[in-house]
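Visitor: model this:
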Amino acid sequence: MSLVFIIGFMTAGKTREGKRLAKMMNKKFIDLDRIIEEQEKKSVAQVFVEKGEEYFRKIESNALKSINTNGNIIVSCGGGTPCFYQNMDWMMENGIVIWLRVSAETVFKRVSESKKQRPLLKNLEGEELAIFINHKMKERETFYSQAKIQMNTENISIKKLAEKINGLGFAR
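Guide: Okay, here's the model as predicted:
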């Protein structure tokens, strides 16, 4: 396997930890949201507002499936990526999938500080936001739980994560 896909709920640290992992393993790093933003010439939030979630999920799936499956690449996916258009199946067939687990409480704290960049949350506050986070996390867990490797992002060890990936046969 030469691809590693990092999945998890928003604010789990997929991009931050993906970059660290790629650097440690001397691999290329790709952020799926950045690919979409370059293609669309606008932010993910703008795409959501202007064209809707359905459009976004289609172009997200296309961007995912356009990644070179022969490259030694760490890919940071959007929080919803595994949940649409058989993306999770495709990722599992083409690489190693890692789920960065994060608690609902941590997500609530983190998104309360950065809601402007999160199109699904922009109009939610307080208890309404907490309920939404819990509901979405439960909804997505069915997909996330299929990942080969699961690690709690709140006490993550990139070195241990790299060892687990190498143990599963990631191309060196």
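Visitor: how near is Glu53 to Ala45?
Guide: 12 Å (C-beta to C-beta, to the nearest Å). Backbone N, C-alpha and C define where each C-beta goes, glycine included.
Visitor: Would you mind telling me which of the two has more residues around it?
Guide: Ranked by neighbour count (other C-beta atoms under 10 Å), Glu53 and Ala45 place Ala45 first, with 17 against 14.
Visitor: wouldn't the more buried one be in contact with Phe56 here?
Guide: No - contact criterion C-beta atoms under 8 Å: Ala45 and Phe56 do not qualify, at 10.0 Å.
Visitor: Asn134: neighbouring residues, count only.
Guide: 14.
Visitor: Just want the phi and psi numbers for it.
Guide: phi -60, psi -40 (degrees, to the nearest 10).
Visitor: So it is in contact with Ala104, correct?
Guide: Yes - using C-beta under 8 Å, Asn134 is in contact with Ala104, at 5.2 Å.
Visitor: Determine the residues that are contacts of both of these two.
Guide: Residues touching both Asn134 and Ala104 by C-beta atoms under 8 Å, 6 or more residues apart in numbering: none at all.
Visitor: Tell me which other helices or strands the helix or strand in which Met91 is found touches.
Guide: Following DSSP states H and E, one finds Met91 within helix 87-94. When contacts are defined as 3 or more C-beta pairs under 8 Å, 6 or more residues apart in numbering; DSSP states H and E, helix 87-94 sits against strand 3-7, helix 44-65.
Visitor: Quick check: buried residues in it?
Guide: Across helix 87-94, burial judged by 16 or more other C-beta atoms under 10 Å covers Asn87, Met88, Trp90, Met91, Asn94.
Visitor: Specify the angle between that helix and helix 44-65 in degrees.
Guide: Helix 87-94 runs at 40 degrees relative to helix 44-65, counting by axes from the mean of the first three to the mean of the last three C-alpha atoms, to 10 degrees.
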